[in-house]
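Q: got a sequence here, can you build the structure:
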Amino acid sequence: MPASAEAEGRYRGRPPALAGTQIEDVRSAFLDQGASIAALARAHGVSRAAVRTALADLLPDQPIPQPR
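A: The predicted structure follows:
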């Protein structure tokens with residue numbers, strides 16, 4: 001029933017764990033302060049994979065984890 005799901009606004013999948021200003025905070029802390037991915041994940045209450053996804057263009061040599 002994709003039409004009913006779309007009508008309820010949940011057709012496009014799960015929303016990102018980090019959005020808006022959180023992404024900016026994570027990126028600036030990573031670049032400017034040298035914070036680790038694990039520390040950023042703990043500080044924002046998300047997984048390390050969510051932080052790596054937010055930093056994907058800054059980490060070209062690390063693969064983005066695939067959803068399970």
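Q: buried sites along the strand or helix carrying Ala41?
A: For Ala41, the host element (DSSP states H and E) is helix 37-44. Going by neighbour count (16 or more other CB atoms under 10 Å), the buried part of helix 37-44 is 37, 40-41, 44. (C-beta placed from N, C-alpha, C; glycine too.)
Q: now do Asp57 against Arg27, distance only.
A: According to CB to CB, to the nearest Å, Asp57 stands 9 Å off from Arg27.
Q: the two: which has the busier surroundings?
A: Counted by other CB atoms under 10 Å, Asp57 and Arg27 do not tie: Arg27 has more neighbours, with 17 against 7.
Q: ok so, going back, of the buried residues of helix 37-44, which is the nearest to Ile23?
A: Ile23 has its nearest neighbour among these in His44, at 9.8 Å by CB to CB.
Q: without its sequence neighbours, what residue ends up closest to the residue nearest the centre of the chain?
A: For the chain, the residue nearest the mean C-alpha position is Ala50 (3.5 Å; CA atoms, centre = their mean). In this structure, Ala50 finds its nearest non-sequential neighbour in Ala17, 3.8 Å apart by CB to CB, 6 or more residues apart in numbering.
Q: ranges for the helices of the protein?
A: Under the criterion DSSP state H, the chain carries helices at the ranges 2-7, 21-28, 37-44, 48-54.
Q: make CSV out of these and add mean pLDDT.
A: Listed next are the helices of the chain as CSV, based on pLDDT from 0 to 100:
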stretch, mean pLDDT
helix 2-7, 75
helix 21-28, 94
helix 37-44, 95
helix 48-54, 92
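Q: please produce TSV containing these, extended by distance to Gly13.
A: TSV is the format used below for these (distance: least, CB to CB, whole Å):
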stretch	distance to Gly13
helix 2-7	10
helix 21-28	18
helix 37-44	21
helix 48-54	13
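Q: and of those helices, who's closest to Asp61?
A: Short answer: helix 48-54, nearest of the helices of the chain by CB to CB, at 11.7 Å.
Q: contact partners of the closest one?
A: 16-18, 22-23, 26-27, 37-38, 40-41, 44, 59, 62, 64-65 (CB atoms under 8 Å, 6 or more residues apart in numbering).
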